[in-house]
Every structure is written in C-alpha cells, then in structure tokens.
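K.L.:
Let's see this in three dimensions:
(4 chains)
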4 protein chains.
Amino acid sequence: MLHFDSDYMEGAHPDVLRRLVETNMEQTTGYGDDVHSREARRKIAEACGLDDAEVHLLVGGTQTNAVVLGALLRPWEGVVAAETGHIAVHEAGAIEATGHKVLTVPSHAGKVAAGDVEALFDDWAGDANREHEVRPVVVYVSQPTEWGTLYTLDELRGLSEVCRRKGLLLYVDGARLGYGLAADTTGVTLPVLAGLCDAFYVGGTKVGALCGEAVVAHRGVLPDGFFSYVKRQGALLAKGRLLGVQFDALFTDDLYLRISRHAIDMARRLARGLTAAGYEFHIPAETNQLFLAVDEATLERLSRIATFGFWQRLPGGRTVIRFATSWATRREDVDELIACLGR
Amino acid sequence: MLHFDSDYMEGAHPDVLRRLVETNMEQTTGYGDDVHSREARRKIAEACGLDDAEVHLLVGGTQTNAVVLGALLRPWEGVVAAETGHIAVHEAGAIEATGHKVLTVPSHAGKVAAGDVEALFDDWAGDANREHEVRPVVVYVSQPTEWGTLYTLDELRGLSEVCRRKGLLLYVDGARLGYGLAADTTGVTLPVLAGLCDAFYVGGTKVGALCGEAVVAHRGVLPDGFFSYVKRQGALLAKGRLLGVQFDALFTDDLYLRISRHAIDMARRLARGLTAAGYEFHIPAETNQLFLAVDEATLERLSRIATFGFWQRLPGGRTVIRFATSWATRREDVDELIACLGR
Amino acid sequence: MLHFDSDYMEGAHPDVLRRLVETNMEQTTGYGDDVHSREARRKIAEACGLDDAEVHLLVGGTQTNAVVLGALLRPWEGVVAAETGHIAVHEAGAIEATGHKVLTVPSHAGKVAAGDVEALFDDWAGDANREHEVRPVVVYVSQPTEWGTLYTLDELRGLSEVCRRKGLLLYVDGARLGYGLAADTTGVTLPVLAGLCDAFYVGGTKVGALCGEAVVAHRGVLPDGFFSYVKRQGALLAKGRLLGVQFDALFTDDLYLRISRHAIDMARRLARGLTAAGYEFHIPAETNQLFLAVDEATLERLSRIATFGFWQRLPGGRTVIRFATSWATRREDVDELIACLGR
Amino acid sequence: MLHFDSDYMEGAHPDVLRRLVETNMEQTTGYGDDVHSREARRKIAEACGLDDAEVHLLVGGTQTNAVVLGALLRPWEGVVAAETGHIAVHEAGAIEATGHKVLTVPSHAGKVAAGDVEALFDDWAGDANREHEVRPVVVYVSQPTEWGTLYTLDELRGLSEVCRRKGLLLYVDGARLGYGLAADTTGVTLPVLAGLCDAFYVGGTKVGALCGEAVVAHRGVLPDGFFSYVKRQGALLAKGRLLGVQFDALFTDDLYLRISRHAIDMARRLARGLTAAGYEFHIPAETNQLFLAVDEATLERLSRIATFGFWQRLPGGRTVIRFATSWATRREDVDELIACLGR
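P.N.:
Numbering: from 1, shown residues only, chains lettered A, B, ... in the order given. Modelled structure (predicted):
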C-alpha cells in the first residue's frame, strides 16, 4: 500500500533529527532562551530579510493561529478569512475559544480576494450600527491555501495594499509555506512575503520537523505581553530547544527550501501521471496537494493501491480526494502509483 | 417629525409602569426571589401551556442569547443560525465571547430552512474530520426574524422535527415575539411555539416593558448551575422585581398580546398606505417592521417628515429603510405619515 | 416584621420614579444616545469635577466590574483585590469569565493596604519568572467596602500614590458610593475620589435607582472600543434612557447625596440603639451596613422581630449578622427595632 | 560550571531518542491514531492497573492542566488548589483563560490538607449566597508538589475520601510523578495513585521525554467531546506519534521508574553532602528538588561553581535557592558540587 494521505506521515527530516541527536545531552535553559533557539530565530529573521523581526517558536498550527490572533485582537475585534480557511472550519473553534469571531468572505479556490476584504471593511465602516458588529482588524490568508492554491505576487500585493489602506493587519498562515515558496513562479520569495504582511508563520510540522511553527512579526505588531500570553495559552514549551534545534537545522544551508522543492517535484511528477491517465483535477494543482474528482469505481480501485484523503462528496456521486506529497515522498512510490493508475 | 425608527423608542406601557409605581415601596428580597417575579414566572409558564417550564427573567436580548446559548453549549459545540441572524451579525461577538462559534446557513428572507440545518448537520456528521470541527448542537431562529418575517406553523414543525431527529436543540429568539404571535395566521400560538422548541424567550423590551426578556425552557434543558451562570455573566439583577413586576403586568389580562395586536394593526395600516402610494417593499411586510427600497429622492423627501432606520445600500443607488411600529404607535402618526407619503 | 436585609429592598426613590413616569412616552433613540442619558453623563462629570471624564451607564454592579476590568486588562494581566472583595468572592467568577485572574491581598476589615499592593507588585516585578505569572495591572477597591468600612482620605491617597508610582490603575467599586460619601469625615468628596483614581462607578441600584451604575473614567483610560465591548458583554441596554432618566434625577438638586445622608443618619441611630442595648459590633460601624456578632439566643430573638442578613458563623457558636439601612429606611422602623432590642 | 537549574535541561533519555530515530521514517496517520500512540496508551493504562482508563497524550504541563480542568468544569465551577499550586501561581492565568477561578487553600509545604478542602466545601455548601460564588468541583494537587514534597498514602487517601464524600473530583498534576513514585516510602505506587484520583497526568517532559504528558482518567470522567476540546485549545499534535513513541519507550521495561530512581538517588546523595556541609534546608528534601536557605556570601560563592534556581527572598537577607536533579544528572557532577560546597 502506498501512502499519500498527508504531508505529516513521517517524523523529521534526517538532517533535523541528526541535530536533535547531536545536541541531546547539552544542558540548556528552558522556554526558548537557549543558544539553538536564539540561533534559529536569528537565521529565520535573516532568511526573511527583516532587521526588525520578532520570531517566536511554537508547537503546532492551530495553536499558532489562535495565539497570534488572540494576541493581535482586542475582545471586540475579529479576523477576516475565506469561508474555507483553516481557522474558519478545521480548528474546532480555537479562534472563538479566544473570544473572537471569524468573519468570512467567499473562497476563490481557497483564496481571499482583496476586493472582498475591501467590501467587507467598507460595509462595516459605513454601517450606522457598526459598533454593534465585530470590527474587522486582521485578515487571515493561507499560503498555500487549504486547497493547495497559491496567491500570486500581484494578489498578495493587492491584499497588502488594501490592508494598509484600511488599517487592517495581514497575517499569513504558512503551515505549508515551504511548498508554496518552492512552487511559486511569480516572485513570492520569503523576504517578499515577509515584507507584504504584518505577521506570518513558517510551518515546520509539515516541512521537515517533528513539530514546530515559527511566528515572524514586524517589531511592534505583537503586544509586549506576548511571551506571557503564549504561556497562558498553554503554548510555551519547557524544552524550547526542541523547536530551536529543529528550526536551526531547517534554516541552515537552505534545507527548508531544498526539501520543499523535492515535495513540489514529486507533486508535479504525480500530477503529470494523473493527467496522462485521464484523471480530473477538482482544483488545478499548484503545490503539494492534488485534489481529484473521482467516480465510485475509480475511488474503489484507488483505495486498493494507496491511501489518501477524503475531502467531500460532490453532487452526482463523485468524491473529491487528496493526494499529498512531502519532503519525505519517495520517487519510486510516485512512480509505482502512476504505474497503477491505469489499471 | 414623526418617529418610526424602532420599536423601543418609548418607556413602558402605562399599565406596566403603573404596576411599578404601585409596588415601588414594597420591600422584597432580591435576585428574582420575590412575589412578583414568582407570579410572573407562573403566569408565563401558564400562558405557554407548560407544566414543566423553567422561566428566568433577564434584562436584554443580546444578554439573553449569550447567557442561554453559553449555558446550553459545551466548549466544543456551536450554534447554527441564519447568516442574517442577530447573533451572527449584530451582537458584537457576544456568542464568541462565551467561546462558541456561530455556524451560518443561508437566510431565506431572514429564515432558516429545515433542509439547510439537516444538510449542515449531515455534512458535519459524515465528515471524517468532524472532531476537528465545531459540533452543531443548537439551532437559533428568531420569530419574527430580523427582517420582520414569520415562520409558519409548518416551517416551525419542520425545524423542530429535524432538530429532534438529529439530536439538536431548537432555541427561538423572541425579542419581538408578541408581534409575531399577533401577526401569525398559521396557528403559531404561544403554547404551540413552546411545544415545538426546547427553549425560547418572550421579549419584553420591545413589547411594553422598560427592559426585560423572559427565558422559557423545558425542564432539564438548562443546566443545574444556570442561576450561577447568569450571575457570572453579569446578567443577574439585584432588584429582580423590576422584571417580575413588569412581566406580571404583561401577562395579566392578556396585555402582552393585546398591545402586540395594536402594533400589527398599525403596521398593516401603514403598509396599506405605502402600497397605495406606490412604495416598493424590499421584503414582504409580515409583522411590525416594514422594509422599503427607496431611491435617493424619496429617501431625502421621507427624511424631512419622519425618522426611520437605514438598513443597507442596494446596488444601483437605492437604499433599504425600515419603518417600525410598536405598542406605542399612535394611529394619528400613522395617518399623518401616510398623508405625507405622496407629497 | 421589620426588614433590614439589604439596601435594595424597595424600588426607586420617588423623585426618580416620578421622572420615569413624566418622561415615559417621550420618543428617544436607543443605546444611551438620548437627551436624558447625555444630561445624566454631563451632570455626573460635573459633580466629579472632571473636564475629561468619560461616563457610561450600565445596569448592575457585577456587570460593571466585569465590563470595566475586562476592558482595562489585556489577557495576560490581572486585578488586585482584597480577599474579601466582591470580585474575589461574590460574583460567581465573573472576572475569570473574562479571562482574568483576581490576585488577592489581605483584607483589613475589607480594605486593601497600600503597602500590600506595593509588596505584591514588587514581588512580581522582582521575580525572575514573572512572565509565567499574571501581571498585576489594576487595583480594585470598594468604597465603602463589603464590610461597610471606609477608606480615609489618607488611605486613598496612599493607594493612589502607590498605583501611580508602579504604573497600576486604581479602580473603585462604588456600589454604595453615596453612603460612603455621606459618612466620610476625612475629606473624601466625589471630586476628591475622582481625582485619586483612574476609573470608578457611582452605584445607583443601592442608592435610589431601580437599577443602574455610572462608570466614570478619565479620558484615555478606557479603550476606544469600549462601547462595542459593552455590547459584546450583553451589557448594553436598548432603552438606555431607563438609566439616563434615573441618573439625571439622582444628580439633580444633589438628590444622590441627600438620600445617602438619610441612610447614614438611620444607620447611626440604629447603631446607637444597638450599642446602648449592649450589642457587640463584629466590625466597627462606619456606613449603612452594621455587622453584629450575636449568640444563638439573641439570633433567635432578633429573627422574630426583623429580617437581616446572615454573614458567617464564628468559632464558638456565634453568628455575624448584618443590618442594612438605605435611602428608603423609615425612622419609625428603626425606632421600633431599637425598642425591641432589649426584649 | 555545574548545572542544577531544573529537571528539563537536557533532551530525551537516550532510549527514548533511539526509538524516535528508529521509527522516524515510518508512515503513520496523525493526531494520535498511530500504532505507537495506541501502544503507549495501552502500556500506561496497564501500568496504572486500570481496565477502564482513558489515556490522552498532550505536549506540556500548563497545557495539560488547562485542557483537563477546562474539560472537567462547567463555566460556573472552579478548582481548589494550594495557594502555592502551579495553576495558582505559575501558569500566567491559563486556568482563568478557560474561564475558571482557582480557589485557594493554605499550602502546607506545598500540600493541600484534606481538612482544608472539606472546610472550603462546607463553607460554600452552607452559605446562603453560594449561588453567587464559584462552586468548588475539582481538587488539584501536585505529586510531588512544587516544593518537592510528597503526599503520603494516608494523606492521599484522606483527600480522596473527602472528595468522594463531597462529590468533588480529585486531579493530580504529575509533572514530576516519576520522581514522586521513586521517592515514596509509604506505598503510593502508580496503581494506588490511579485508584485514588479521578484523573491525573504522568509527566514526560521532566522525566525523560523531549516533551509530553500522559493524561489518565477513569472512563466517564472526561466529557465525550474531549478530543475536540483538545483541538480547540490548540493542544492536538499533528504528528501525535512524537508523543506515542516516547511514552511507549518510557513504559517499556519500566524505563520511566528506573530513570526516576536515578534522579532520586542523585538528589539524596546531594542532600547528604549539603547536610554534611552544614547547609540549611528551607523545606525538608523529599524528591529531586532541594530547597536551601542561604545567606548572601554563600549565594555568591555557590554562584561561582553552579547554576541553580532562585526561589524567593526571605526576610533578613537570605535567599531560597533550588537545586534539581533529574534522570540525566551525572554522579560525577554531584560529587564535584559536593566537593566544592565547603570551599
């Protein structure tokens, strides 16, 4: 059986794991104030081309979204997201748990349109009863999106421009950021992205780490009490080095991007095979997640050779399924899957 | 200038106020444990035809929605509402403040369709990742809705049936319930409504009281600690009698329904006048709120003779405005407004 | 039976009620943006001698404490209170419901000592792990306290001085503020109090109103979104005039202080009678609440002639009970009670 | 420089790390539904001697306390803890963040006395105003405590008995449980502890793991939606195997207890050395944390040879410091420290 369920099926990239082994018996202070965490923060800020960056290492994606948004928002403020956004659908109410509403705009293949943000803000600002409504203050987007799509440079610039004009903060969920950067063809590099948004995170869990997400924010964006807020939200790791060592490794010798490119290569190879075999993409493939619309018979046949994700039922009996590649995907597995597709 | 802004522009109905004056110097214990509050609770339960009713008197509508829903839901559970529902739009995030997501379904002129509730529940129940999503547990509807429309008896039965079948609770926001009952032509009486839902509230603020909403729930629906939860949410009135005396008066000699009928009579009189004068209703008028779509010139002209609510801009330059009648609306004001309409 | 249970056993002072009756059919806009509310806010600010005051009218005391503290504190910050403070004991966790810890200091007959605040702050500030602890940011005191005692001018100055030196905000719960001002002999007038703290509230529920508390804050203390926060917390009254009319009446012709003085006169008269009859005060009587320590036999005897509050059991079988006077206490009831004391 | 700051200065025990390396490239499903997590849960339940155990693997201690208590408590309920308890002091308000008050009782060298719990409960239950107070529902104790002390079997039985009699739940924070079990001389084994409380956690972060705490609860104690609550609180790890593999290793061949015993041996060795050198213990040493009261000169001298924790200033200029041993403490370091003590 071949496994393409998700991009978090293995442990850590061997280079990351090796550093954990090498540093294991070093004695360090806790809570991120160790040499590895400091080094990781420095390298990430440098990779982002930011002099004024504040970097914080957290454990998981939902946690990161809730902690950052909870820290950025005052109680009467909310966050704008696509109706398909992870915070809107798949975090079991984690944002609401911090007391904040997720204000939704339409999803365009997972993406938020700058015009929709502007319209939502203007509707609020122009409403005589706006003080009875949640004030939109942060815009949340995922790069790549939950549907594997990518904002182009122009789209990100458009969002950024609307946000600055309206006084909104732009926050980017980068759970799979490496795969997005590796697949981009429009000029969205890490420094470009960092320059266009107020805060974002560099996903580690899905890109080579056992766990870990690195929050990057321009200085002054996060409140002074952020460290205490992280603690209060149960998100402060005692052995912060676990995150520091991993991100230090990922941001040494360009490892983060190198392994991301592999995942994209594998995804494209698989996409070509799927296209050749006549499969229909539910969403055009852009990154490491491939969404296919398949009929009952195909679904059953595929289920005998591989594992993958079930996404949604379509009217008419077809099903959307997802194949995901990652830094760990083996070329021979992709080829074997392609070989089986036609059977 | 004639005032049709809202249905809460005056104080209390004179009969209600008179009882406050008459009982003013009586000495009572606090927090709703006084003879007037007890009598009010008894009369409301009786009017609802419920033997097993639990009745709680609270101060305002947003407070009531947040307190009841916050008490009914466990942290990982959410409430389903129309995307136009008061809790979804106009409570400044009060439900999210209690940690819960409002899951929205389409609005059909303000109403929730039973089929949409069923589909939303089935989508959740059938999703392999449903434990990562907020569980739908309560369905919130307003009777009448925020757009002044009414659920028919069949529609309420449909909602009730879906809720019972799916294990959902049905909660009715009755901020304007009197006006809904007075306008109904399909058989939705207070006992019928009470029988079809698990909890609801009888709105006082907009129907004759200075303030006050009476929560009615079948026994066993609200948790044991509900009184403490009311206190914790800052919703417990020290002089509970203020609510008790008013609801006792409103539920004596059918006052609540009598004054509601007056508001509906006035609304229908005004609606006839508007129709005769060629005005276009944005939403067909069913209760005491009349929504019109007017052009710039009409808007300006009306603004010189009356005050009313601004609802939303329509594409093409027209505006939706609202005229509201209430128990306090004077026939001569309606007639004067009608007389001015054609000018 | 004579009733001395509490200071909220009657409705409103007749002058307050009269104004509600006189203004009842006036048509006003909602949510506090009416002429009466504006007038009330103006008069209260004037009575406080503040040019820069922001005044907000809320419904009840627990609600007011939770809304003001919830608005002043960021999530990782807490409020310091006496371990006997109302927010620490008798609000069913309303402060924790907004996500904040109540940090307690010892009670000195209900009062907070400036030195204890300073020590608590310095302990926090000097702790290497302070970022793992809740940061003390607001100091909460009640004037008069829950034990009926009063801060002298020197004590308030001491607290104010510590707060300013340490960057803490001083907030005064004035649920019974009128009785405190009326009983004060050290120079704590309303303008003096207003000048010494950052925010406080003038209690109406216990001093002549049906309900209502007036929050007073120096401009810049409350956040910009305070109105929306009030709405979100379910504390915004649709018919804001109910509060406006009452506070306008209370702050016309010095009514608030005049009726407060009556309560203090009655309390002193009763205290003299109790002392003469040999009763032992558990806490020296300073305002309108008299706390006595009585044995079983006395308790039983008193229970036959009056109602009063039970406070706590003392070791050795005695009980602390409370007699409260108010603006509504009748001299003949006090005299009758005194006459019965010796029997 | 010798490091005795804390018991979380190194990475993982080599046997634990080895298993992470060996299993690294295995492909597993996420969120704890993998073979290693299942095996870890099975072994932990078995070690606890529980047939009905529910085991959940979480990341850190503060997170675990907040998630478990937040799931056990309804909004109007609170948790009782020693005033020195971790949740009362050092979690930056994490419990309050879930909306719950921590009700404190005196600390007896870090321990909660059964009699104090009973008194607190009876005070609440006997109070006429108890519905205005937070209801005590869970009792939180740490084994060992934050001061390194241990509940004896009799003390735990006493607490358990009071809890069952009063309908309270007993929850044990076992951040350092291994060290407590290894040091116990009264019969508190893992099955005994498990039998006496309703829920507890087996700490991994401080006892051999990179991170991880294993919640154990009798079936029926945690609510049905617990998994979703974990997700909502941002505490669900995508690669749940990281926790599963580690706890599987720790509960294989008694590793957890074996490495705990080493820490206790080292602590006792160090304690003997300290005693011999005339040091004064602030709290009698029972487990792996040694609290000393030292004067200025000693403090300065020790600071030149070792790192350790600063705990609190004592009146008179002395300071309480902490030396901690762990599974990773080397005997030669202990001996070198002892050798330096007298200098």
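
K.L.:
can we go C-alpha only for contacts and neighbour counts from here?
P.N.:
Will do.

K.L.:
Please enumerate the strands of chain A.
P.N.:
For chain A, the strands defined by DSSP state E occupy A:2-3, A:53-58, A:77-82, A:102-105, A:135-142, A:169-173, A:199-203, A:213-218, A:280-283, A:289-294, A:306-307, A:309-313, A:319-324.

K.L.:
Residue D:189 is nearest to which of those strands?
P.N.:
Nearest of these to residue D:189, taken as CA to CA: strand A:53-58 at 34.8 Å.

K.L.:
Now do that closest one: which elements does it pack against?
P.N.:
Counting contacts by 3 or more CA pairs under 8 Å, 6 or more residues apart in numbering or on different chains; DSSP states H and E, strand A:53-58 is packed against helix A:35-47, strand A:213-218, helix A:241-250.

K.L.:
could you give the angle of the second one to strand A:199-203?
P.N.:
Compare the direction of strand A:213-218 with that of strand A:199-203 by axes from the mean of the first three to the mean of the last three CA atoms, to 10 degrees and you get 150 degrees.

K.L.:
got the strands of chain A as CSV, with mean pLDDT and mean neighbour count columns?
P.N.:
Shown next, in CSV, are the strands of chain A (pLDDT from 0 to 100; neighbours: other CA atoms under 10 Å in any protein chain shown):
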stretch, mean pLDDT, mean neighbour count
strand A:2-3, 96, 18
strand A:53-58, 97, 23
strand A:77-82, 98, 26
strand A:102-105, 98, 22
strand A:135-142, 98, 25
strand A:169-173, 98, 25
strand A:199-203, 98, 27
strand A:213-218, 98, 24
strand A:280-283, 96, 16
strand A:289-294, 97, 24
strand A:306-307, 96, 16
strand A:309-313, 91, 16
strand A:319-324, 97, 22
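
K.L.:
could I get those as JSON lines with distance to residue B:71?
P.N.:
Below are the strands of chain A laid out as JSON lines (distance: least, CA to CA, whole Å):
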{"stretch": "strand A:2-3", "distance to residue B:71": "44"}
{"stretch": "strand A:53-58", "distance to residue B:71": "33"}
{"stretch": "strand A:77-82", "distance to residue B:71": "23"}
{"stretch": "strand A:102-105", "distance to residue B:71": "22"}
{"stretch": "strand A:135-142", "distance to residue B:71": "26"}
{"stretch": "strand A:169-173", "distance to residue B:71": "33"}
{"stretch": "strand A:199-203", "distance to residue B:71": "35"}
{"stretch": "strand A:213-218", "distance to residue B:71": "35"}
{"stretch": "strand A:280-283", "distance to residue B:71": "41"}
{"stretch": "strand A:289-294", "distance to residue B:71": "40"}
{"stretch": "strand A:306-307", "distance to residue B:71": "42"}
{"stretch": "strand A:309-313", "distance to residue B:71": "33"}
{"stretch": "strand A:319-324", "distance to residue B:71": "38"}
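
K.L.:
In contact with residue A:247, which residues?
P.N.:
A:37, A:40, A:204, A:209, A:212, A:214 (CA atoms under 8 Å, 6 or more residues apart in numbering or on different chains).

K.L.:
State the distance from the residue nearest to residue A:245 when sequence neighbours are not counted to residue D:209.
P.N.:
Spatial nearest neighbour of residue A:245, excluding adjacent residues (CA to CA, 6 or more residues apart in numbering or on different chains): residue A:36 at 5.2 Å. Residue A:36 sits 18 Å away from residue D:209, going by CA to CA, to the nearest Å.

K.L.:
Check residue A:197 too.
P.N.:
36 Å.

K.L.:
Mind checking which of these two has more residues around it?
P.N.:
Neighbour totals were compared for residue A:197 and residue D:209, and residue D:209 leads with 28 against 23 (other CA atoms under 10 Å in any protein chain shown).

K.L.:
excluding its backbone neighbours, what's nearest that one?
P.N.:
residue D:12 (4.6 Å).

K.L.:
contacting residues for the one you found?
P.N.:
Contacts for residue D:12 were tallied using CA under 8 Å, 6+ apart; they are A:24, A:25, D:208, D:209, D:210.

K.L.:
Of these, which is the most crowded?
P.N.:
Highest count within the contacts of residue D:12 by other CA under 10 Å belongs to residue D:208, 31 neighbours.

K.L.:
Check the contact between the residue nearest to residue A:245 and residue A:251; I expect there is one.
P.N.:
No - with contact defined as CA atoms under 8 Å, residue A:36 does not count as touching residue A:251 (11.6 Å).

K.L.:
more crowded one of those two?
P.N.:
Higher neighbour count among residue A:36 and residue A:251: residue A:36, with 22 against 19, using other CA under 10 Å.

K.L.:
near chain C, which residues of the stretch 51-200 of chain A?
P.N.:
A:74, A:75, A:76, A:131, A:132, A:133, A:134 (CA under 8 Å from any CA of the partner chain).

K.L.:
I'd like the distance between the fourth one and chain B.
P.N.:
Between residue A:131 and chain B the distance is 7 Å, computed by CA to the nearest CA, to the nearest Å.

K.L.:
do the third one as well
P.N.:
Going from residue A:76 to chain B by CA to the nearest CA gives 7 Å.

K.L.:
which bits of the stretch 101-250 of chain A sit near chain D?
P.N.:
Contact residues, the stretch 101-250 of chain A versus chain D (CA under 8 Å from any CA): A:205, A:210-211, A:228-229, A:231-239, A:242.

K.L.:
how does it look with 7 Å?
P.N.:
A:210, A:228, A:231, A:232, A:233, A:234, A:235, A:237, A:239, A:242 (CA under 7 Å from any CA of the partner chain).

K.L.:
can you list the weak-confidence ranges in chain A?
P.N.:
A:343 (pLDDT under 70).

K.L.:
follow-up on the earlier one: how much space separates the residue nearest to residue D:209 from chain C?
P.N.:
For residue D:12, the distance to chain C - CA to the nearest CA - is 24 Å.

K.L.:
Then residue A:288?
P.N.:
In terms of CA to the nearest CA, residue A:288 sits 38 Å off from chain C.

K.L.:
quick one: stretch A:214-226 to chain centroid distance?
P.N.:
18 Å (CA atoms, centre = their mean, to the nearest Å).

K.L.:
For residue A:310, give me its contacts.
P.N.:
A:320, A:321, A:322 (CA atoms under 7 Å, 6 or more residues apart in numbering or on different chains).

K.L.:
For chain C, state which of the contacts of residue A:247 is nearest.
P.N.:
Distance to chain C across the contacts of residue A:247 (CA to the nearest CA) is lowest for residue A:37, with 18.0 Å.

K.L.:
what about that closest one, neighbour count?
P.N.:
If we define neighbours as other CA under 10 Å, then residue A:37 has 25 of them.

K.L.:
right, and it touches residue A:241 too?
P.N.:
Yes - with contact defined as CA atoms under 7 Å, residue A:37 and residue A:241 form a contacting pair (5.8 Å).

K.L.:
And the residue nearest to residue A:245, how close does it get to residue D:4?
P.N.:
For residue A:36, the distance to residue D:4 equals 20 Å [CA to CA].

K.L.:
go on, residue A:251?
P.N.:
31 Å.

K.L.:
Over to residue A:132?
P.N.:
Between residue A:132 and residue D:4 the distance is 55 Å, computed by CA to CA.

K.L.:
Repeat that for residue A:255.
P.N.:
Using CA to CA, we find residue A:255 at a distance of 35 Å from residue D:4.

K.L.:
ok, the two, which is more surrounded?
P.N.:
residue D:4 (24 against 19).

K.L.:
Go ahead and confirm that one touches residue D:322.
P.N.:
No - at 8.0 Å, residue D:4 does not count as touching residue D:322 under the criterion of CA under 7 Å.

K.L.:
Could you tell me how many residues sit around residue A:123?
P.N.:
By the criterion of other CA under 10 Å, residue A:123 has 14 neighbours.

K.L.:
now do residue A:316
P.N.:
Using other CA under 10 Å, residue A:316 has 7 neighbouring residues.
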